[in-house]
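Peer 1: sequence and predicted model, in that order:
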Amino acid sequence: MTDIDTSNLDFIRTIVAKDLAAGKNDGRLVTRFPPEPNGYLHIGHAKSICLNFGLAQEYPQGVCHMRFDDTNPEKEEVEYIDSILADVKWLGFDWGDNLFYASDYFDQLHDYAVELIKMGKAYVCSLSGEEMRQYRGTLKEPGRESPYRNRSVEENLDLFRRMKDGEFADGTYVLRAKIDMAAPNINLRDPIIYRIRKVHHHRTGDKWCIYPMYDYTHCLSDAIEKVTHSLCTLEFADHRPLYDWFLDTLQTPCHPQQIEFARLNLNFTVMSKRKLMQLVQEGFVSGWDDPRMLTISGLRRRGYTPAAIRNFCATIGLAKRESRIDMGVLENAIRDDLNDRAPRRLAVLKPLKVVITNYPEEKEEELEIANHPKDASLGSRMIPFCREIYIDRDDFMEEPAKKFFRLAPGREVRLRAAYFITCQEVIKDNSGEIIELRCSYDPASRGGSSPDGRKVKGTLHWVSARHALDAEIRLYDRLFNKENPEDDPEVDFKENINPESLQILSHCKLEPALAQATANDHFQFERVGFFCLDRKEGSPKRPLFNRTVTLRDTWAKLVKR
RNA sequence: UGGGGCGUCGUCAAGCGGUAAGACACAGGCCUUUGACGCCUGCAUUCGUAGGUUCGAAUCCUACCGCCCCAGCCA
């Protein structure tokens, strides 16, 4: 074998590199991403997608198949197929012509089953579900053989044909592999390979009333597609002997290698499709694409980019030990991507009016501001300025705390790309709430610096009151307020939902340029965070922005202490 | 002694017998017309525990401890 450098490769990539170097599988590399179309894809799937498609991309001959594991028509829907395809594509991956469905193989799978029966390796069993469970034994005790285990090949063939022909009711018969009822691995205790289900299948219609089980279908589908490396999560490790048994017993085109890795867990969220489904169906969120959901569609709507998700998947690593990644790592990935690319804008979330008393009433002017502080290629734009502006309430303190260097009575600060202003007067309503600030400006500081070299410590974002776009902004926080919402089996995970995960702000003030935003744009609202137009409810007529993620906020951290 | 998997920094994660990478987080500092970004510095005498082999062990051996998965006609 040639020596290859496997440093910095995860354990799966190391196996693949070695296999390829050794000329295994004729030098082919074929992976597959095999979702069941029974729900929407989430960030955990992204890990698998990036692994399977990403790995294939790393070699010139690498190919990754998109294959739906659609063997349980009762739970599957075309809606899910469509969304899954759209999500994988959006993430930036391409399966070319390799779009497959396990249901495409139902004929072959049926023939293989007949083969198994002829070999005396499968039999039709008439045990009821309850009986089946009893015969299976327990984790510590071996199972007992079914009384139907030794039916003749002819009888099995006949019964299986009649199962297929719809002669029997659901649940009356199953086809089982004849392996070993005493096997310590329960998956080997004569597992079911076909069950009767007289239901319509979203792809094969009413052609079949018997449907193959996962264990039987998956390995054979892999073999039919000549997959070389079949990557799946840890819980399938116990199924590997069965995967291998079918492929060793039957004459198949090849024998793919199943390798298991740890699934992704993130803190402050749940990751199973079943639980996400509950959140949707019980109305805890607005849908699968609610921006608080860590579904691919939710992340997209929230403003995450494909590159950020791919980078995230690359940084979390791949191993067999179970882990729980900090949500901060995901947030860091999107900040990192958007920081380089997102044009800057000025937006005031909690407006506080400022009147610049020495600025003429009728005067208006336009000031130039760069779209990005470090990337001149993003150009610049003009922002209007006049006597009345808005600043954020958080940027003023009547009695400034220590180290607070924003606006306060008598203090001078800079309005970003505009002027230095000094607070002269604080206006309050009857209840004592501050409703307006009266400031003076220094005309010589136009653009944001003073010719006399005077320094100010704070720079505030602002929006011209006369020109501002009135908008709704939705702030999102983690959906759960507990690091692991599922850790207590006594408590329903939904009890740990964060009641403040969605905060709606109306009458936010945006600079006029934001009126042109489309759902595919990403912006940094300076000093606040990254935002995008909501792709579902937002439009030029209805400015509605989602906060993708906040900026890192050292001041907020100081305040907390 | 049911079977399978796993235990390296707060969180991920390299390491594969030659003397603990990297990332995030955290703490300081520099820079700054975003308290952002960027930059610099610090951050495991120790690898679940205990023995053993060895000149040398996170890496090999033994025993123990802990965590996860499996008894769907789900995937």
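Peer 2: Structure's in. What do you need?
Peer 1: where does pLDDT dip in the stretch 451-561 of chain A?
Peer 2: By pLDDT under 70, the stretch 451-561 of chain A has no low-scoring segment.
Peer 1: distance check, the residue in it that RNA strand B sits nearest to against A:D170.
Peer 2: For the stretch 451-561 of chain A and RNA strand B, the shortest gap (Cβ to the nearest atom of the strand) falls at A:T554, measuring 2.9 Å. C-betas here are computed from N, CA, C, even on glycine. Distance of A:T554 to A:D170, computed by Cβ to Cβ, to the nearest Å: 62 Å.
Peer 1: neighbour count winner among the two?
Peer 2: A:D170 (12 against 8; other Cβ atoms under 10 Å).
Peer 1: what residues does the helix or strand where A:I334 lies touch?
Peer 2: Assigned by DSSP states H and E, A:I334 belongs to helix A:327-341. Residues external to helix A:327-341 that are found in contact with it (Cβ atoms under 8 Å, 6 or more residues apart in numbering): A:43, A:266-269, A:303-305, A:307-309, A:311-312, A:315-316, A:375, A:478, A:522, A:524, A:530, A:548-549, A:551-552.
Peer 1: out of those, which sit inside helices?
Peer 2: In this view, these that belong to helices under DSSP state H are A:43, A:307-309, A:311-312, A:315.
Peer 1: quick check: A:R414 is in a strand.
Peer 2: Yes - assessed with DSSP: H, G, I helix; E, B strand; the rest coil, A:R414 lies in a strand.
Peer 1: ok, it - contacts?
Peer 2: A:R414 sits in contact with A:420-421, A:445, A:448-449, A:456, A:458-460, where contact means Cβ under 8 Å, 6+ apart.
Peer 1: what packs against the helix or strand in which A:K18 is found?
Peer 2: Secondary structure assigned from DSSP H and E places A:K18 in helix A:11-21. Contacts defined by 3 or more Cβ pairs under 8 Å, 6 or more residues apart in numbering; DSSP states H and E place helix A:11-21 against helix A:43-57, strand A:229-233, strand A:257-261.
Peer 1: as JSON lines, the ones in helices among the contacts of helix A:327-341 with neighbour count and distance to RNA strand B would be great.
Peer 2: Shown next, in JSON lines, are these (neighbours: other Cβ atoms under 10 Å; distance: Cβ to the nearest atom of the strand, whole Å):
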{"residue": "A:I43", "neighbour count": "22", "distance to RNA strand B": "14"}
{"residue": "A:A307", "neighbour count": "17", "distance to RNA strand B": "15"}
{"residue": "A:A308", "neighbour count": "23", "distance to RNA strand B": "13"}
{"residue": "A:I309", "neighbour count": "25", "distance to RNA strand B": "15"}
{"residue": "A:N311", "neighbour count": "17", "distance to RNA strand B": "10"}
{"residue": "A:F312", "neighbour count": "26", "distance to RNA strand B": "10"}
{"residue": "A:T315", "neighbour count": "13", "distance to RNA strand B": "5"}
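Peer 1: tell me which two of those sit farthest apart.
Peer 2: A:I43 and A:A307 (14.5 Å; Cβ to Cβ).
Peer 1: re the thing from before, now the helix holding A:K18 against strand A:257-261, angle please.
Peer 2: 160 degrees (axes from the mean of the first three to the mean of the last three Cα atoms, to 10 degrees).
Peer 1: what pairs with the very next helix or strand once past helix A:11-21, parallel or antiparallel?
Peer 2: Moving toward the C-terminus from helix A:11-21, the next helix or strand (DSSP H and E) is strand A:29-33. Applying DSSP bridges to the sheet, strand A:29-33 is found paired with strand A:62-68 (parallel).
Peer 1: anything in the partner strand sitting right up against RNA strand B?
Peer 2: No - judged by Cβ under 7 Å from any atom of the strand, strand A:62-68 makes no contact with RNA strand B; its nearest approach is 8.6 Å.
Peer 1: for A:F261, what are its contacts?
Peer 2: A:11-12, A:51, A:231-234, A:318-320.
Peer 1: beta partners for it?
Peer 2: The partner residues for A:F261, given DSSP bridges, come to A:T233.
Peer 1: enumerate the residues of the stretch 351-500 of chain A near RNA strand B.
Peer 2: Neighbours of RNA strand B within the stretch 351-500 of chain A, by Cβ under 7 Å from any atom of the strand: A:372-374, A:403-406, A:414, A:416-417, A:447-449, A:458-459.
Peer 1: so what's the residue nearest to A:D337 when sequence neighbours are not counted up against?
Peer 2: Nearest residue to A:D337, sequence neighbours excluded (Cβ to Cβ, 6 or more residues apart in numbering): A:A308, at 4.1 Å. With contact set as Cβ under 8 Å, 6+ apart, A:A308 has these partners: A:333-334, A:336-338.
Peer 1: name the helix or strand of chain A that has the lowest mean pLDDT.
Peer 2: Within chain A, confidence by mean pLDDT, DSSP states H and E is lowest for helix A:554-560 among all helices and strands, at a mean of 89.
Peer 1: and A:R411, how close does it get to A:F396?
Peer 2: 9 Å.
Peer 1: anything in contact with each of those two?
Peer 2: Common contacts of A:R411 and A:F396 (Cβ under 8 Å, 6+ apart): A:C423.
Peer 1: quick one, which of those two is more surrounded?
Peer 2: Under the criterion of other Cβ under 10 Å, the comparison of A:R411 against A:F396 puts A:F396 first, with 22 against 19.
Peer 1: show the pLDDT at the more buried one.
Peer 2: We have a pLDDT of 97 for A:F396.
Peer 1: that one pairs with what?
Peer 2: Assigned bridge partners for A:F396, using DSSP bridges, are A:L407.
Peer 1: can you list phi and psi of the residue of chain A found nearest RNA strand B for me?
Peer 2: Evaluated by Cβ to the nearest atom of the strand, chain A has A:G448 as its residue closest to RNA strand B, separated by 2.1 Å. Dihedral angles of A:G448 (phi, psi; degrees, to the nearest 10) stand at phi 110, psi 10.
Peer 1: how about the one 4 residues further on?
Peer 2: Recorded main-chain torsions at A:D452 are phi -80, psi 0, according to degrees, to the nearest 10.
Peer 1: what's the spacing between the nearest residue in space to it that is not next to it in sequence and A:R144?
Peer 2: Leaving aside its sequence neighbours, A:D452 sits nearest to A:A444 (Cβ to Cβ, 6+ apart; 7.7 Å). Distance, A:A444 to A:R144, by Cβ to Cβ: 95 Å.
Peer 1: same check on A:E425?
Peer 2: For A:E425 relative to A:R144 (Cβ to Cβ), the value is 90 Å.
Peer 1: do A:Y419 as well
Peer 2: Counting by Cβ to Cβ - A:Y419 and A:R144 are separated by 87 Å.
Peer 1: try A:A465
Peer 2: 82 Å.
Peer 1: since we're on the residue of chain A closest to RNA strand B, how many residues are nearby?
Peer 2: 16.
Peer 1: for the stretch 101-250 of chain A, what spans make up the strands?
Peer 2: Applying DSSP state E, counting those that start in this stretch to the stretch 101-250 of chain A gives strands spanning A:122-125, A:174-177, A:192-196, A:210-212, A:229-233.
Peer 1: related to what we said a few turns ago, and the helix holding A:I334, is it in reach of RNA strand B?
Peer 2: Yes - interface with RNA strand B: helix A:327-341 contributes A:328-329, A:332, A:335-336, A:339 (Cβ under 7 Å from any atom of the strand).
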